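> got a predicted model here, sequence first, then my questions.
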Amino acid sequence: MGGALGIEILGARYNYFHGTENFTYAIFVMAEEGFEMIGIVIFIYALLCYLGSSLSSLRILFSDERPNTAAIAVELSYPEGGRKIG
């Protein structure tokens, strides 16, 4: 998130002096959004690594039995001996 914040600050400064209707500002916006997406990918990866280290199995089930509705079920199985903390 730090990269996105830094790029956003630079983009805001550029916007103040030059406006938004130019290619350079578009590059600032593209870089900021890219850093935000990379941050989300890293967060999801870390979350999945944590789940993988503390669960013995994970099942996510999707069903669409009725029109205009969707159901999601999640089953978590912890290793023998209960839930692993830390």
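Ah, there it is.
> tell me where the protein has helices.
Counting by DSSP state H, the chain has helices at residues 2-18, 23-54.
> worst mean pLDDT among these?
Note on these: lowest mean pLDDT is at helix 2-18, with a mean of 84.
> show me what it is packed against.
Applying 3 or more CB pairs under 8 Å, 6 or more residues apart in numbering; DSSP states H and E, we find helix 2-18 packed against helix 23-54. Heads up, the C-betas are built off the backbone N, CA and C, glycines and all.
> which non-adjacent residue is nearest residue 24?
With CB to CB, 6 or more residues apart in numbering as the criterion, residue 24 has its nearest non-adjacent residue at 6.5 Å, and that residue is residue 14.
> that neighbour contacts residue 28, doesn't it?
Yes: between residue 14 and residue 28 there is a contact under CB atoms under 8 Å: 5.9 Å.
> those two: which has the busier surroundings?
Neighbours per residue, other CB atoms under 10 Å: of residue 14 and residue 28, the larger number sits with residue 28, 19 against 16.
> so what's the more buried one up against?
Taking CB atoms under 8 Å, 6 or more residues apart in numbering as the contact definition, residue 28 lies against 7, 10, 11, 14.
> kindly recompute the last result at 6 Å.
Going by CB atoms under 6 Å, 6 or more residues apart in numbering, residue 28 touches 11, 14.
> same thing with residue 74?
Applying CB under 6 Å, 6+ apart, we find residue 74 in contact with residue 60.
> that one and residue 55, how far apart?
According to CB to CB, to the nearest Å, residue 74 stands 11 Å off from residue 55.
> re the thing from before, now the helices of the chain in CSV, with distance to residue 61?
Formatted as CSV, the helices of the chain follow (distance: least, CB to CB, whole Å):
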stretch, distance to residue 61
helix 2-18, 34
helix 23-54, 16
